[in-house]
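Undergrad: Here is my input; please provide its structure:
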Amino acid sequence: MFHFVYNLLIWLITVTIFPIVLLQQKLKGKPILPFLFGFTKKELASVSGRKILWIQAASVGETMVATRLLQELKQVFPEDAVVFTCNTVTGRAAAERAIRKTADLIGYFPFDHPWLVKRFLGRIKPDYLLLIETELWPNVLTYSKRLGVKIAVVNGRLDKSYRRLQKFGFYKSVMKFIDFIGVQTETDRERFIQLGAVPSKVHVTGNLKFDFDYPAISENVKKEFLESLSITKNAPVLTAASTHHGEEELVVSALEIVKRELPDAFLILAPRHIERAGEIARMLSESNLKFIRRTEMAVEAKISAKPDLLLLDTFGELGLVYAVASLAFVGGSLVPVGGHNLLEAAFQEKIVLYGPYLHNFRESKELLEKAGVGFSVNDPAELAERFVYFHKNPELRENLGKKAKQVVIANRGATAKTVELLKTIF
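TA: Residues are numbered from 1 along each chain as shown. Reported below is the predicted structural model:
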């Protein structure tokens, strides 16, 4: 019954909302056809005759989980072809940078429409399907299982919204199709079971994000980057990363408060979606702050006068801007998004600040707070207060920063555990 009702809703969306979404995609210059029709015959021919592992990740964070796991899986299944899909342009861009050498095909996930899913599956003919974190799509699960595909969920997590799905019986009929579910915590295990998963198939494997190969940034690279912005080594620098709409204004307000005590304070603003850079730049233009966009900085050049703020509108430099910071703030947390990965900042030996909306990363939050290196702030004033305090106590800041990195290192091992369990079903 659930599957019938779900597909009825999908068809209603197809004839009402979906055309509007496609038009918006077109106007924004984003791809449309790859979402509808998948890979070309020429692309599919390149993986013909081999066993196929299809990996589906939502966006950038899930793509990075897949990247680390795929490194290990290729050692176990070196001959298998890998088809990687994601839901967003930024996710695909991350995949092109990180897994182009290990994935045979990189593309977009089909809208979970019965016709599109059956067509997609019929063309790529996967043997295995690996879903990252919360990619639980009913039609994908149903039609994959009908074709005999082995299905696994890795790094699984469910926030409190799962209760709505549980209340109405959503997913109960399709969760049984999953052959293996590796989850981050015991709480996640209980939630997957309550949603309908078979208990014997749900295993606590830990959080794969602890196992990321985060970049090591040399002192020379950090020095050159700061000098290019006319910033001295010990200047107060706050990196606010993965921020969302409505959050940049709050972080800028915090900077203005900080500058009352630390006039040379500098903010690096790294929005979650860099396509919003133009919108953010317009907001900054209305403030009294001098700012520069990363893409406006000439290569090998030093700007003539230090701005107050750098707007990071490039890919692949998050590790660097965390590394040069005095403290880090991780966004999606002062607005009700659910937060983002805290661990990259911790690995770069930074005290990590975040807002109250961090339900998607509760395990990382609890570990950092238990170690005394993670702190919740509720508004710009608290963010400014924490930043000023720790900047004025450099020895404490340095010691806690080193402790933050040790939290990440001490909790590694989820990837190896996940791969060992996947070997029993793949």
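Undergrad: Which secondary structure element is home to the residue most central in space within the chain?
TA: Residue closest to the average C-alpha location in the chain (C-alpha atoms, centre = their mean): Gly61, at 1.9 Å. According to DSSP states H and E, Gly61 maps onto helix 60-76.
Undergrad: Quick check: which ranges of the stretch 151-300 of the chain have low pLDDT?
TA: Per-residue confidence for the stretch 151-300 of the chain (pLDDT under 70) gives these ranges: 168, 298-300.
Undergrad: ok, now with 50
TA: 300 (pLDDT under 50).
Undergrad: Strands along that one, start to end?
TA: 180-183, 202-204, 237-243, 266-271, 291-293 (DSSP state E, counting those that start in this stretch).
Undergrad: and the residue nearest to Arg276 when sequence neighbours are not counted, backbone torsions?
TA: Distances taken as C-beta to C-beta, 6 or more residues apart in numbering place His245 nearest to Arg276, at 7.0 Å, with adjacent residues excluded. In this view, the C-beta of every residue, glycine as well, is placed from N, C-alpha and C. Here is the backbone geometry of His245 (degrees, to the nearest 10): phi -60, psi 130.
Undergrad: I'd like to know how many residues surround His245.
TA: 14 (other C-beta atoms under 10 Å).
Undergrad: what's the spacing between it and Ala98?
TA: To Ala98, His245 is 26 Å away according to C-beta to C-beta, to the nearest Å.
Undergrad: Just the C-alpha atoms of stretch 177-192, please, in CSV.
TA: Written as CSV, here are the backbone C-alpha positions of stretch 177-192 (Å, rounded to 0.1, in the frame of the first residue of the first chain):
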residue,chain,number,x,y,z
PHE,A,177,15.1,-5.0,1.0
ILE,A,178,18.4,-3.7,2.4
ASP,A,179,21.0,-6.4,3.0
PHE,A,180,23.3,-4.5,5.2
ILE,A,181,23.1,-1.2,7.2
GLY,A,182,26.2,0.2,8.8
VAL,A,183,25.3,3.0,11.2
GLN,A,184,27.3,5.6,13.1
THR,A,185,25.9,5.1,16.6
GLU,A,186,23.7,2.8,18.7
THR,A,187,21.0,5.5,18.6
ASP,A,188,21.1,5.3,14.8
ARG,A,189,20.8,1.5,15.0
GLU,A,190,17.7,1.7,17.1
ARG,A,191,16.1,4.3,14.8
PHE,A,192,16.7,2.2,11.7
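Undergrad: May I see the buried residues of it?
TA: Residues of stretch 177-192 classed as buried: 177-185, 188-189, 191-192 (neighbour count, 16 or more other C-beta atoms under 10 Å).
Undergrad: Are we agreed that Ala328 is in a strand?
TA: Yes - according to DSSP: H, G, I helix; E, B strand; the rest coil, Ala328 belongs to a strand.
Undergrad: quick one: it and Leu353 touch, right?
TA: Yes - Ala328 sits in contact with Leu353 when judged by C-beta atoms under 8 Å, with a separation of 6.8 Å.
Undergrad: if we can go back for a sec, just the closest of the buried residues of stretch 177-192 to Ser218, please.
TA: For these, the residue nearest Ser218 by C-beta to C-beta is Gln184; the value is 31.9 Å.
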